[in-house]
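> Could you look at this predicted model? Sequence included:
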Amino acid sequence: MFSKKKLVTVAAAPAPGGGVPEIFAKALANPYVGAGGAAFLFMTAVLILIALMGDPKAGTPVVRISLAKVAAMAAPPGWREALIADHPGGATLSTDIFRLSATPIGPDVAFGGQAVITLPGGQAFHAADPLPAAPIAGLTAQGSGGLLPIIAPNGRTPAEAYARPFTSNGRPKVGLVIGGLGLNATATRQAIETLPPEITLSFVPYSDGLQGWIDLARANGHEVLLEAPMEPVDYPDNDPGPYTLMAQAQGQETVKKLEWLLSRATGYFGVTNYLGSRFVGSDTAMGAFTGALRGRGLAFIDDGSAAKRGGGLPRASADRIVDDQLSVEAIDQQLLSLEAGALQHGQALGSGFAYPVTLNQVAQWAQSVESRGYQLAPASALTTRR
C-alpha cells in the first residue's frame, strides 16, 4: 500500500495572441512568475532529496510538507503569490498524488535521528530515553515483606506502566529476553550497557542489590522481568532455591512464596519462569500462579515450556532458546532461525542466558537485525491476553 502526498499544481491557460518571444519576455518581467519558478525549483529539490534518502526496501516514509510551513523554510519571497496570481486565461488548482516507497523507513535509517514514540498524554519518548523510575505512584502496596505490585484505582496495571513503549512500523517483530541477571555483576552490567534497550532483561530474585540493578536497567531503557523459580522434573538434584514454587503445594503456599519473590523489588512489568518443567505441568499449581499474577496486573513470559498455558493475563512464550549450545556458530544460527520465524509468523520471541558468549553474539546480531528488514521489539510488545 502506498502513502499519499498532496502536491499543489497550477494549470494556466495560454495567453491569447502574441508570439513565443513576447510571451517569455512578459513572463520574465513579471516578478511573481520569477518567484514561482524559484519556488518550483525549491520544491523539486526537496522531492529529489526525499527520493535520494529513502530506502525502497525499508518501510513507508510518510512525508507531509504543508504550504504554510514551506514559507518558513528557504522558499523565495513571493512563491505563494506566484502560485495564485491571475493569468490571462485563468488558473486552475488541482491535487496530485505522489507515491512513495511501499515500506516504511526504519528509525535512524534516513534522517539519522532517534525514533520518537508518542505516549498517552502526548509526550514524546525517544528510543534512547530512560524509562520512568520505579515505583510509579499508585502501582504498589505494602506487603509483609516489602512493596507488592497492584492495579491502580484507574485500572492501570504494572504490565502497562513498566513496559517499554513500542510502536510497530509494520515489519516482522523480533524480541529477545536475556535472563539470569543480578548474580554476576560483570555480566549484568554488560547486558544493561551493551545490549540495545529493546532487549528485555530478567533478574534473579535472590540477587544482592536487586533494586539497584533494575533501576540501572530501566535507566538504560530496558524493560524488566522478575524470575520465578519453579520446580523442575529433576528436583531436588536441580534445586532453584528456597522459594521454589512446587507443583504439589497448596495454592495458598504458592501465592505466599510468589508474594515473597514479588516483594524483592519494583519496576518489573511481568514475571518469567526459571526452570519449572514439573510445575508448569500441574493445572492446580499454574492456576494459583497465573491467578495471583492476574490479580496484580502482571504479565507472564515463559521460555517456551508453558506455551500451552493461558491464565487470562498478558502472555508470551519464547519460540526458541538461542543458547542451548554455547558456541558462536550455534547461537548465530539460532538468532537467524528466530528471524525466519518472525518472517513466517509476523513476530518471534527468543530466550537466552547471560553467558559471555551469548551477550557478545546478541550484541552483534542486534546491531544489524533491523537492516535486514525486521523490527527489534521488547517482549511486552509481543504479548497477547490468553
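On my side now, so go ahead.
> Dump stretch 216-230 to PDB, restricted to CA.
Listed in PDB are the C-alpha atoms of stretch 216-230, where the atom choice follows Å, rounded to 0.1, in the frame of the first residue of the first chain:
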ATOM      1  CA  LEU A 216      20.100   0.800  36.300                       C
ATOM      2  CA  ALA A 217      18.400  -1.400  33.600                       C
ATOM      3  CA  ARG A 218      15.400   1.000  33.400                       C
ATOM      4  CA  ALA A 219      17.700   4.000  33.300                       C
ATOM      5  CA  ASN A 220      19.200   2.400  30.200                       C
ATOM      6  CA  GLY A 221      15.800   1.900  28.600                       C
ATOM      7  CA  HIS A 222      15.400  -1.800  29.200                       C
ATOM      8  CA  GLU A 223      12.000  -3.200  30.500                       C
ATOM      9  CA  VAL A 224      12.500  -5.800  33.200                       C
ATOM     10  CA  LEU A 225      11.100  -9.200  34.200                       C
ATOM     11  CA  LEU A 226      11.400 -10.900  37.600                       C
ATOM     12  CA  GLU A 227      12.300 -14.600  37.500                       C
ATOM     13  CA  ALA A 228      10.100 -17.100  39.500                       C
ATOM     14  CA  PRO A 229      12.000 -20.300  40.300                       C
ATOM     15  CA  MET A 230       9.800 -23.300  39.600                       C
END
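> Let's test this: mean pLDDT of that stretch, rounded?
Taken as a whole, stretch 216-230 has a mean pLDDT of 98.
> what lines up beside the longest strand that the chain contains in the sheet?
Among all segments of the chain classified by DSSP state E, the strand with the greatest residue count is strand 173-181. Partners of strand 173-181 in the sheet, by DSSP bridges, are strand 200-203 (parallel), strand 347-353 (parallel), strand 375-376 (parallel).
> between the helix or strand just after it and strand 347-353, how many degrees?
Later in the chain than strand 173-181, the nearest helix or strand by DSSP states H and E is helix 185-194. What separates the directions of helix 185-194 and strand 347-353 is an angle of 150 degrees, with axes from the mean of the first three to the mean of the last three Cα atoms, to 10 degrees.
> helices or strands next to helix 185-194 in the packing?
strand 173-181, helix 210-219, helix 356-368 (3 or more Cβ pairs under 8 Å, 6 or more residues apart in numbering; DSSP states H and E). (Glycine included, C-beta is placed from N, CA and C.)
> What angle do strand 173-181 and the second one make with each other?
Counting by the same axes, to 10 degrees, helix 210-219 points 160 degrees away from the direction of strand 173-181.
> Please identify the buried residues of helix 210-219?
The neighbour-count criterion (16 or more other Cβ atoms under 10 Å) identifies 210, 211, 213, 214, 215, 216, 217, 218 as the buried residues of helix 210-219.
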